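Novice: based on what follows, work out the 3D shape:
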Amino acid sequence: MRAMVLHRPGPVENRPLWPEEVPVPEPKENEVLVRIDTCGVCRTDLHVVEGDLPPVRPSVIPGHEIVGTVARLGPGVRTLSVGDRVGVPWLHSTCGRCEYCLTGRENLCSEKTFTGYSENGGYAPFVVGKESYVLKLPAEGDAASWAPMLCAGLIGYRALKTAMPRFGGRIGFFGFGGSAHLTLQLAAKLGFDTVAYSRTAAHLALARSLGAAESVLTTEPRTPMEPTLDGAIVFAPAGSVVIDALREVRKGATVAIAGIHVSPIPSIDYDRLLFGERRIASVEANTRADAREFLDLAVRLHLQSTVEVRPLEDANEALADLKSGRVDGALVLDCRASAT
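Specialist: Numbering: from 1, shown residues only. Here you go, the predicted structure:
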């Protein structure tokens with residue numbers, strides 16, 4: 001099969017992903033081989049490719065927003081069948097034995113592995129997933145529309161739960177990309193008052209079309225006002241945006257940081273920005289329970305992914321566009337043409 005392989009991290013402008021012929025992986029015990037239809041392009045992929053997340057193997061096939069069908073079963077698989085539509089997400093496995101795994105916090109497991117980082121991922125025609133971590137998806141709907149749900153949606157959902165204000169409260173979304181465009185929809189449909197903050201006018205237009213009650217173009221001067229948010233989620237990978245969010249939240253509010261990598265946060269004026277039981281909380285991966293909850297909500301509330309599909313071979317260009325903010329919604333790679 002022809003896959004996009006990373007041997008050495010580097011700026012995406014230098015095209016560090018190389019198209020290569022690699023063997024189709026073999027599913028081991030309790031694993032399934034998935035024929036990939038589409039794989040979303042996530043900001044975490046950008047952090048892997050550029051080395052913000054240090055390499056953990058000599059080479060890797062990135063990608064973890066994977067939608068496809070089960071092509072072959074490894075020994076011992078009981079809950080999946082050939083032909084099932086499935087998703088292979090970022091969380092590839094956990095130890096199942098530590099205190100975090102045993103108390104419903106498997107996302108904090110120290111031995112967890114990740115699809116497209118510690119294990120080969122979805123910038124390819126085939127991938128292997130562990131039976132109990134692969135997510136069964138509805139047969140209905142376009143494969144491309146499901147792809148962003150499998151990380152952008154999941155991490156946004158966990159961040160929403162972390163920052164959750166009172167029912168009907170006002171929540172802000174700082175940085176409006178693939179994750180925010182799903183999470184804002186969900187928050188609006190659940191009855192929260194939503195505000196989108198972005199430096200890109202086109203992103204704010206998308207936010208309004210998806211239910212944002214208000215949008216704020218952060219590049220324009222604003223008259224200082226009393227904080228109005230009961231919670232906030234920071235999607236932008238910039239520590240300075242955490243400070244921007246703190247300026248906008250009221251007493252008792254939580255600012256949840258949804259990124260796996262964020263640049264240093266500037267010093268915080270404790271008396272003005274943090275006092276009053278304001279909180280900053282990081283969000284690390286998600287649990288399988290989060291995934292089941294979110295996918296059920298996505299179906300029941302008819303969440304819509306705004307996607308642009310690119311050929312697998314254009315993965316470098318897709319990551320460059322993501323890095324520069326030239327994306328409305330989410331980018332998805334078509335992996336079908338590269339199967340051999």
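
Novice: now Arg15: phi and psi?
Specialist: Note on Arg15: backbone dihedrals following degrees, to the nearest 10 are phi 50, psi 60.

Novice: once you drop chain neighbours, what's closest to it?
Specialist: What sits nearest to Arg15 in space, not counting adjacent residues and going by CB to CB, 6 or more residues apart in numbering, is Asn316, at 4.3 Å. Placement of C-beta: from N, CA and C, glycine included.

Novice: which other helices and strands does the helix or strand hosting that neighbour contact?
Specialist: Using DSSP states H and E, Asn316 falls within helix 315-324. Secondary-structure packing of helix 315-324 (3 or more CB pairs under 8 Å, 6 or more residues apart in numbering; DSSP states H and E): strand 17-21, strand 31-41, helix 43-50, strand 330-334.

Novice: please repeat the previous calculation with a cut-off of 7 Å.
Specialist: Secondary-structure packing of helix 315-324 (3 or more CB pairs under 7 Å, 6 or more residues apart in numbering; DSSP states H and E): strand 31-41, helix 43-50, strand 330-334.

Novice: out of the ones you listed, nearest to His203?
Specialist: Of all those, strand 330-334 sits nearest to His203, with 12.0 Å by CB to CB.

Novice: okay, now the sheet partners of the closest one, with direction.
Specialist: The strands beside strand 330-334 in its sheet (DSSP bridges) come out as strand 31-41 (antiparallel), strand 307-311 (parallel).

Novice: the last one to helix 315-324, inter-axis angle?
Specialist: Looking back up the chat, that one is strand 307-311. 150 degrees (axes from the mean of the first three to the mean of the last three CA atoms, to 10 degrees).

Novice: give the burial count for Pro11, as a bare number.
Specialist: For Pro11, the count of nearby residues is 13 (other CB atoms under 10 Å).

Novice: now it, nearest residue through space, not along the chain?
Specialist: Nearest non-adjacent residue to Pro11, counting by CB to CB, 6+ apart: Glu50, 6.1 Å away.

Novice: repeat for Gly191
Specialist: Closest to Gly191 by CB to CB, 6+ apart is Gly168, at 5.6 Å.

Novice: and that neighbour, that's in a helix?
Specialist: No. Going by DSSP: H, G, I helix; E, B strand; the rest coil, the assignment for Gly168 is coil, not a helix.

Novice: how many residues are close by it?
Specialist: Neighbour number of Gly168 under other CB under 10 Å is 10.

Novice: spit out the contact partners of it.
Specialist: Gly191, Phe192, Asp193 (CB atoms under 7 Å, 6 or more residues apart in numbering).

Novice: any of these buried? List them.
Specialist: Phe192, Asp193 (16 or more other CB atoms under 10 Å).

Novice: can I get the contacts of Gly168 in TSV including secondary structure and distance to Asn30?
Specialist: Shown next, in TSV, are these (DSSP: H, G, I helix; E, B strand; the rest coil; distance: CB to CB, whole Å):
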residue	secondary structure	distance to Asn30
Gly191	coil	40
Phe192	coil	39
Asp193	strand	45
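
Novice: which of the contacts of Gly168 lies closest to Arg310?
Specialist: Closest approach to Arg310 among the contacts of Gly168 (CB to CB): Phe192, at 32.6 Å.

Novice: give me the nearest residue to that closest one, chain neighbours excluded.
Specialist: Spatial nearest neighbour of Phe192, excluding adjacent residues (CB to CB, 6+ apart): Ile171 at 5.2 Å.

Novice: three-state assignment of that neighbour?
Specialist: Classification of Ile171 by three-state DSSP places it in strand.

Novice: so how far is Leu46 from Gln185?
Specialist: 23 Å (CB to CB, to the nearest Å).

Novice: what's the answer for Leu274, then?
Specialist: In terms of CB to CB, Leu274 sits 30 Å off from Leu46.

Novice: what about those two, which has more around it?
Specialist: Leu46 (20 against 15).
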